[in-house]
Structure formats: C-alpha cells, structure tokens
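Q: here you go, sequence then predicted model.
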Amino acid sequence: MKCGLCIPHCPSYWLTRSEADSPRGRIALIQGVDAGDLAVSATLFAHLDGCLQCRACERVCPSQVPFGKIINQSLAELQPKAPLKTRLLNHILKPKTLNRLATLRQKLDGLPGLSKTWRWLRSGPVSHTAETRRADTTEQPSVVVLSGCVTQPLDPVTLLHTEKLLHFFGIRAQWSDGCCGALCFHNGQPELAQQHVQQTAQHCPPEHPVLFLATGCGAFLKECHTHFPNAPFQSLSQQSQDICDFLANLAWPTPQQTTQYNVVIHTPCSAKNTLRETESAHRLLRRLPHLTLSTLTSPHCCGGAGSYTLKYPAHAEALIEHQLAELKAPYPDYLVTTNLGCALQFAASFKYHKIKTQVIHPLTLVAIAFGLA
C-alpha cells in the first residue's frame, strides 16, 4: 500500500517537501532499484540514507507497513554501492571512534570560525563530573544496567546518579558498558550489529532485568530477536526494561527536595514510535511533589538520531530549531529526555542560543529529590 497518510508525519519530507524524502517515495526508489529500473547513484542513496529512522510513519500507517525493516535491509544491501563519504563515516562511527570524537568536542568548544552546522561538535558533552562510578559489585546482582557505549564520555553524571539511586534503593547492579549495536545496524552494518548484541547478551544472565538508560538502545534490544531471527536473542528482548519504569515501580521514602522546579519533558522517537511508550518519564517524575511538569508537543524528530547530526548537520539543525520554537521565556529549569542523542541535540542548541535550561536524564531529578546529587 502507498496511500501516503504517513507523509505529513515524516520529518525529512517536512524539511525538503520532496516525495523522494518521504516513506512512500523511498519505498518506490527501493522497488526501482530491486527491479533494475534505477541505478544506485549518490543522489538516490542520499534520499534513502537521509531517513532519520524515527518510524513515525509506522506509528500512523493503517496498513502496518514495516518501513523500519524495509529501510534497514535496503541500506545494508546497498552499502557496497554507497558514496565513499558515507562508507567512510559508517566505518569510523563506532564506539571507540565516538569516544575520541567526544574528546575532540571538548577541545573544539569555544573555538571561533566553526560553521554553525557543526554546533554538535563544539557543544561539549551533556555533563561533566570528577566523580567516578564504583567497581561492579562482587555480590550476586539484582539487575544488569546497560549504560551505553558512549555515555561515559558524553554524560557521566547520568551514570553516577544511576549508580547512587540503585545503591540507595538496595539494588545490586552489574554494569554492561558495551555497544547495543543500534548505531551499526541503522548504518547498514547488520553483521557488526549482531556481534555487539551477542556480546551484550553474554553479560546479561536470563534471570535478571536488563535496564537501559537510553531508549535508543532499549528500542533496538526490544526488537533484536526480529532483526536477527536465527540468533537466540528472544530472552534479551524480553528482559530489557526502561530504568524509569523500574524505579517508578519501587517503594519510595519521602523525597527530601523542597525547591520547586519547572521541568519540560521531551519524549524521544525511539520511545514514541518503536517502544510505543510515552509515559515512562512522566510516571517517574510525577512521584516527585516539587516539580511542575510540561511536555514538548512537536510531532517531529529532534534530529539527534544516531549519527544523523554528523551526516546531515543542516537538516539536524532545522529539526532541533523547530523543537526549540516551542520553548518560550521564562525557560524551564530542566529539560529531561531519555535518549542521549536527543540530549546532545538540545544541549548543543541551548548553548548556542545561550539558554540556561539544563538538559538531564529523568534519573538526575530523582537523585536531586533524595539528596544524592
């Protein structure tokens, strides 16, 4: 079916108004390549690779067309014919390289003469901390925490607060710092992605919940058994759980916080369109009595989709500017989001526009409430 009801919900079509940048247009291009009617050119590949894979089209599709599966399979098959720039970026955009880029971001911070479209590079990490996480417990863990492969250099405060909260609630945690495989998978490298999932699964005993901090990681793990049907990942998919939901369901003492904060909640595309869960952060934060909560209602992706900010910086800029148009002075004290890519996007734009709102994970507000931050 190509009814086109999804087109108004597609962020790349909203930016370019080109049918080739819509879900329907991309499917037509893929069919043209499969039929031998279209050659894979740099322009054609850019239309396909320019998809943010936000999957807003799937959420509204009356025919339930599995667009995410179609675009990921096509990008994997077309990788050998991708432009050299794309292949080089996909080759270097791996966890170790991204850690080095995080260091580069700090060195570039504040340097004059950088193009506005490289705001992401000069923004610096979301957070800094001189404290370090304690070593893994030697006791039998209660949960496994998937910290994410680039969270340590880019948002170490969230890791520190997560550790303190779990200790505060008496939860023994085993930490898994490896890559979930999502970035490689969405860049057309399913074999490498499967290796990362396999390594993650080896660190996740089947009897323990696997708590993810980033919904981008969680969305991929929830579907990994469908991405790799011949691999034994069903257990990992079932074990995976949003850490916000996990903490929201625990018994809490009375929070110590007395200061009133204004908080705006951003719901990532990975939560809305893949996990189909928009209330996790809200459920968690509604348990804190001294917060005034509001929600960003922009229907489009913020542009912080994996490596999209590096591949298509101008489009990423336009998307985050659309999100920021919702925020009016006086700005909130905090913007919370449950995905690191989104946090980087907002933090970079807030810094560029000299907006003092802090970008944090919801867990940091819980840590503040209990005097742990």
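A: Alright, I've got the coordinates.
Q: P23 contacts P8, correct?
A: No - taking contacts as CB atoms under 8 Å, P23 lies outside contact range of P8: 10.9 Å. Placement of C-beta: from N, CA and C, glycine included.
Q: looking at these two, which is more packed in?
A: Higher neighbour count among P23 and P8: P23, with 27 against 13, using other CB atoms under 10 Å.
Q: contacting residues for the more buried one?
A: Counting by CB atoms under 8 Å, 6 or more residues apart in numbering, P23 touches 6-7, 10, 13, 57, 65, 67.
Q: let's see that with 7 Å instead.
A: P23 makes contacts with 6, 10, 57, 67, as judged by CB atoms under 7 Å, 6 or more residues apart in numbering.
Q: how about the secondary structure of the residue nearest to S127 when sequence neighbours are not counted?
A: Spatial nearest neighbour of S127, chain neighbours left out: V157 (3.7 Å); criterion: CB to CB, 6 or more residues apart in numbering. Three-state call for V157 (DSSP: H, G, I helix; E, B strand; the rest coil): helix.
Q: how about C244?
A: With three-state DSSP as the basis, C244 sits in helix.
Q: I'd say it and N339 touch.
A: No - look at C244 against N339 with CB atoms under 7 Å: they stay out of range, at 11.7 Å.
Q: nearest to C217, of the contacts of P23?
A: F67 (20.8 Å; CB to CB).
Q: state the number of residues packed around that closest one.
A: Here the number of neighbours of F67 (other CB under 10 Å) works out to 21.
Q: average pLDDT across stretch 246-255?
A: Model confidence over stretch 246-255 averages 94 on the pLDDT scale.
Q: cool, and stretch 131-138?
A: The average pLDDT for stretch 131-138 rounds to 62.
Q: would you agree F45 falls within a helix?
A: Yes - judged by three-state DSSP, F45 forms part of a helix.
Q: which residues touch it?
A: Going by CB under 7 Å, 6+ apart, F45 touches 78, 82-83, 86.
Q: okay, these in TSV with pLDDT next?
A: Output for these, formatted as TSV (pLDDT from 0 to 100):
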residue	pLDDT
L78	93
A82	88
P83	86
T86	82
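Q: just the buried residues of those.
A: 78, 82, 86 (16 or more other CB atoms under 10 Å).
Q: chain neighbours aside, what residue packs nearest to the first one?
A: Computed as CB to CB, 6+ apart, the closest residue to L78 that is not its neighbour in sequence is V40, at 5.8 Å.
Q: which secondary structure state is assigned to the one you found?
A: Classification of V40 by three-state DSSP places it in coil.
Q: is it correct that it is in contact with K81?
A: Yes - applying CB under 7 Å, one finds V40 in contact with K81, separated by 4.2 Å.
Q: which stretches of the chain have low pLDDT?
A: Applying pLDDT under 70 to the chain flags the ranges 95-96, 99, 101-124, 130, 133-139.
Q: the strand or helix carrying F220: how far from the chain's middle?
A: In this assignment (DSSP states H and E), F220 forms part of helix 215-227. Put simply, helix 215-227 sits 12 Å off its chain's centre (CA atoms, centre = their mean, to the nearest Å).
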